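Trainee: Kindly return the folded structure for what I paste below:
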Amino acid sequence: MKRILSGFWVLVIIGATEAWGQGGLYGAPEVIPFPPTDAAPLQGRVLPPMEQPAATPAWNGYPNAWTPPQNRSWQSSQESPAGRYPPQTNRSGYSSSSPVPYGAPPLGSSRPSQPIGAYRYAQAAGPYGATAPAPLTPPEAAPIEAPPGVETPETRTSLPYVDPEGPRPLSNRAGFPTPDGSWRGQDTGISGGVGLPTSPSKNAGQTTLSGGNASANLVDQMLRDTDENRVFTGVGTEESPLAKAIDGGCGGESCGCWGFPMADCPWYATVLVFVVGRDQANRFWTSYETDNNPNQLMHTNDIGLAWRVGGEVRFGRRFGCSSSWAIEAAYWTLDPFEGTAAISHPNGVSTPINLEYVWFYRSAADWNMAADLFDSAIEHRLQRRNEFHNVEVNFLRLERLSDSRFPLDIHWGLGARWLRFEEDLLFGSLRSGAWGASGGRNEAYIDQNVTNDLIGAQLTVDMTYFIHRNWRIFLTPRVGIYNNHIQLDFQVYRGDGTPASPQPGSGVSGTYPVRATTDTLSFLTQVDAGVEWRFAKNWTAAIGYRAIVATGMGLADHQFPAYLVDLPEVGHIDHNGHLILHGGFASLTINF
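Mentor: Okay, the predicted model is just below:
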């Protein structure tokens, strides 16, 4: 036990002694000296003088193995040549005052890493203040002769400057078709490309020694090798149809243009032919068998409207960098929808419209009641005519919204549009004889003309998916909000032109025709979907399907009154109808 305690106290004393030696008198370690980042004195610190260790050269057989930093100097009267140390004078351990010859450095010497006069050590100020460090100056020394066979700056042969070859630009991923059907772009050395012009070297005409033709840097070479080794398979690669279809440059070389934004083909024109039909409005019954009201015989939807042919002309110009903007104007119309229907019955035909108090009065000897001409007639006829006109101006944004290596692309635009839909609906009755006989005195008509003028703004979105270099699938919806100005012209007259009017005892003032206007909110949507094919350098052809839907429309079928004598009600325009046009189209586009 005594031996154990003795060993314990010995360990305690040794540990305490070691701690005192490391911690100092006050328990704080000395500040480890380190060189500052610059030669300026540290703020708040005073640097005491310290002896600078001498630096002597170390000869390892390679005199040019080390070169002093360019921004440092020895601060001596004679600058040391690159690759050598300044000569050393007498130091401790040497009795000779001659310079130290080349060879192993003396004991205690070291090679400098910065100018001698710039050595400083950071150290906290002492408790009694501090003194400024004394400047250090290198010792005077004579130059050292280089050993035989060692090259010096005076004997070194200077080689002429050779401008190395710069990195070659890589492809910008936006190729374009050429007339021969191939694709080209700003090349990086890949076959089929067009190299960029290079500026002449500033050392043109200078003799280039061996090794002067420097190759491109390693990173550029690796990137070029990657491009050359890429497998182009279509979707998601640099050879994707979208990357080939659109020129990404701004005013580049001549291109093989087709129906997409091209820098050198700013103008384009499209001729489109379509065949469409229209939906039917809510039917209105006009005729039934006389004295057999349940046997209704004819309504407005009995008018057969065959599909009609229409035409569209679209003209536009692209502008801006990479043809990223465009403005276009378009007009389309249709061959008018026309149709007729007629009904007759052995018992005669009559109309469910109440005709009381309405007459055709020309003179006391020449007048008819409206019921005498429309009821118990030998024939009723319906005739319809629809006419369409459309004008629009669009401002389009054609810049790609997706990566050019991805086959899906989306464009958008804003524009103004005017659409006119004009409808004539005629209901005629023949009481006796033949149509047109007796100057038309035996026939009467209810004739109405309704015109819808939609004026407003629309948003266009053009979505494209390329399935091949020269083929694309497109979906182009156009959605707009419009003010619909509706005009109604409602006439009732005899075959000889005599207008109808309420009888004096009806209590209704006024006469036919009744004309009225109103404005309402309408929405118009047009959707084009199809496939487009580039079959020649500047030409594309497309086939597709078009649908047009308009709401808030005034339709002639909805304007028939229950009582023909109620002129105020006749002047009230019903505009809660809708219109649908749909059918196929084919188009041809030229870019120039």
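Trainee: what about Ala416, helix or strand, and which?
Mentor: Using DSSP states H and E, Ala416 falls within strand 408-430.
Trainee: Can you list the strands that the helix or strand following that strand pairs with?
Mentor: Sequence-wise, the next helix or strand downstream of strand 408-430 (DSSP H and E) is strand 443-468. As defined by DSSP bridges, the strand partners of strand 443-468 come to strand 408-430 (antiparallel), strand 471-494 (antiparallel).
Trainee: Mind listing what's buried along strand 443-468?
Mentor: For strand 443-468, burial by neighbour count (16 or more other CB atoms under 10 Å) applies to 443-456, 458, 460, 462-466. Where C-beta positions appear, they are placed from N, C-alpha and C, glycine not excepted.
Trainee: Distance check, Ile303 against Ala341.
Mentor: From Ile303 across to Ala341, the span is 5 Å (CB to CB, to the nearest Å).
Trainee: These two - which one has more neighbours?
Mentor: With neighbours defined as other CB atoms under 10 Å, Ile303 and Ala341 compare such that Ile303 has more, 21 against 18.
Trainee: Skipping its backbone neighbours, what lies nearest the more buried one in space?
Mentor: Nearest residue to Ile303, sequence neighbours excluded (CB to CB, 6 or more residues apart in numbering): Gly339, at 4.1 Å.
Trainee: That neighbour belongs to a strand, doesn't it?
Mentor: Yes. Counting by DSSP: H, G, I helix; E, B strand; the rest coil, Gly339 is located in a strand.
Trainee: what number of residues lie near it?
Mentor: Around Gly339 there are 14 residues (other CB under 10 Å).
Trainee: can you check Arg478 too?
Mentor: There are 20 residues near Arg478, going by other CB under 10 Å.
Trainee: next one: the one 4 residues further on
Mentor: Tyr482 has 23 neighbours, counted by other CB under 10 Å.
Trainee: Ok, Phe427 next?
Mentor: Other residues near Phe427 come to 24 when the count uses other CB under 10 Å.
Trainee: what bridges to it?
Mentor: The partner residues for Phe427, given DSSP bridges, come to Leu382, Ile446.
Trainee: list the contacts for it?
Mentor: Phe427 makes contact with 286, 351, 380-382, 445-447, according to CB atoms under 8 Å, 6 or more residues apart in numbering.
Trainee: Relative to Phe474, how far out is it?
Mentor: 44 Å.
Trainee: Give me the domain ranges for the chain.
Mentor: For the chain, the structural domains run 46-87+112-146, 275-591, going by automatic domain parsing.
Trainee: Quickly compare these and say which is most buried.
Mentor: Among the domains of the chain, domain 275-591 has the highest mean neighbour count (mean count of other CB atoms under 10 Å), at a mean of 17.
Trainee: Out of the contacts of Phe427, the closest to Ala536 would be?
Mentor: Leu382 (49.0 Å; CB to CB).
Trainee: where does the stretch 351-500 of the chain have low pLDDT?
Mentor: 400-405 (pLDDT under 70).
Trainee: go with 90
Mentor: Low-confidence segments of the stretch 351-500 of the chain (pLDDT under 90): 398-410, 438, 466-470.
Trainee: can you check the chain too?
Mentor: Along the chain, the parts satisfying pLDDT under 90 run over 1-266, 304, 319-324, 398-410, 438, 466-470, 505-507, 509-510, 536-538, 592.
Trainee: isn't Tyr288 right up against Val349?
Mentor: Yes. In this structure, Tyr288 is within contact of Val349 by CB atoms under 8 Å, at 7.0 Å.
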